[in-house]
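K.L.:
Sequence and predicted structure below; questions after.
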Amino acid sequence: MRIMQILQALILLAAPPLGIGIVNKTKAWFAGRRGPSLFQLYYDLFKLFRKGMAISKTTTGIFFIGAASCLATPLLAGLMVPLGFPSAAVSFQGDLFVFAYLLGLGRFLTAAAALDTGSSFEGMGASRELTFSSLGEPAFFLGFIVLAMITGSISFTEIFSGLSKPPDMTTSAILLLAASWLIVLLAENCRIPFDDPNTHLELTMIHEVMVLDHSGPALGFILYGAAIKLFIMASLLVDVILIVLPVTVWIKWLAYAAGILLLYAGIGVIESIMARLKLVNVPKLLISSILLSGFAVVLLLR
């Protein structure tokens, strides 16, 4: 069992940049281009960690804490998520709440670092980020309630260990929850239709605004942390879908790996065929994610 935990920690460290490469490759194929290498983010991170940093005189230690938290909090949170295996690297009762609050802490410190620059532009981005995240969090926590109602546990490892016999309405509730969390995944990771990490149009930027003053290793921490956050939220979504499949460990892991690849490719397809939403329409889509999770709870209460 300890080997599986170490293996998951290594996957968590190594795999996330490859996922970003799959998204970018899919988008390039849709555009009829060859596109960047699947390993482009690894090259970029290596280059950034070797560079120096340009630092504004107005910043304080909060600026550096924010960048470090962008990497540290998703790494710690990711240790609590089973990556297709029966148990996570770290597991305890209530770990799903610690997971959510670690991501919240990372967001708070990133917003604080943006405000620390003294830039009104970055302050605007922090305001947008916190406003939209406040609409995504209820859907996330309602999803936890759905999982707790189905399995009777508040630990990721026990929740995703598989149901020997899914109760009535479980499959329908899981599908509603998966749809809700897919919307939250796209919003939390600044993907289209909520944000576009590849452009810097000031009137529509959300997350990218907050990190414009970062450079060198600090920017590397942020890019690496963002890739890890997308990876662990994708893992959660795939784990939720696989919860109703009582299969052996290795078959489940293969299904998990295939699910992760399909999800990354699906994100690339979504970003290829959809345009970014107007900012006024972003709350409407996030509220729909709350309703989907809420309907899943109601379905289980019947």
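P.N.:
Noted; the coordinates are in hand.
K.L.:
pLDDT below threshold where in the stretch 101-250 of the chain?
P.N.:
Applying pLDDT under 70 to the stretch 101-250 of the chain flags residues 162-168, 197-205, 246-247.
K.L.:
the helices in it, which residues?
P.N.:
120-151, 156-159, 170-188, 216-242, 249-273 (DSSP state H, counting those that start in this stretch).
K.L.:
Now mean neighbour count and distance to Ser69 too, for those helices, in JSON lines please.
P.N.:
Where you see a C-beta, it was placed from the backbone N, CA and C, and this is true even at glycine. Shown next, in JSON lines, are the helices of the stretch 101-250 of the chain (neighbours: other Cβ atoms under 10 Å; distance: least, Cβ to Cβ, whole Å):
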{"stretch": "helix 120-151", "mean neighbour count": "19", "distance to Ser69": "14"}
{"stretch": "helix 156-159", "mean neighbour count": "21", "distance to Ser69": "22"}
{"stretch": "helix 170-188", "mean neighbour count": "21", "distance to Ser69": "15"}
{"stretch": "helix 216-242", "mean neighbour count": "22", "distance to Ser69": "8"}
{"stretch": "helix 249-273", "mean neighbour count": "17", "distance to Ser69": "24"}
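K.L.:
okay, the ones you listed in JSON lines with distance to Leu301 next?
P.N.:
Below are the helices of the stretch 101-250 of the chain laid out as JSON lines (distance: least, Cβ to Cβ, whole Å):
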{"stretch": "helix 120-151", "distance to Leu301": "8"}
{"stretch": "helix 156-159", "distance to Leu301": "19"}
{"stretch": "helix 170-188", "distance to Leu301": "10"}
{"stretch": "helix 216-242", "distance to Leu301": "19"}
{"stretch": "helix 249-273", "distance to Leu301": "28"}
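K.L.:
Select, out of those, the one closest to Phe64.
P.N.:
Each of the helices of the stretch 101-250 of the chain was scored for nearness to Phe64 using Cβ to Cβ, and the closest is helix 216-242 (6.8 Å).
K.L.:
can you give me the angle the closest one makes with helix 170-188?
P.N.:
Angle, helix 216-242 to helix 170-188, by axes from the mean of the first three to the mean of the last three Cα atoms, to 10 degrees: 170 degrees.
K.L.:
Specify the angle between helix 216-242 and helix 120-151 in degrees.
P.N.:
With the same axes, to 10 degrees applied, the angle from helix 216-242 to helix 120-151 works out at 30 degrees.
K.L.:
Determine the set of other helices and strands touching helix 216-242.
P.N.:
The contact analysis (3 or more Cβ pairs under 8 Å, 6 or more residues apart in numbering; DSSP states H and E) places helix 216-242 against helix 2-14, helix 16-30, helix 40-49, helix 61-78, helix 95-116, helix 170-188, helix 249-273.
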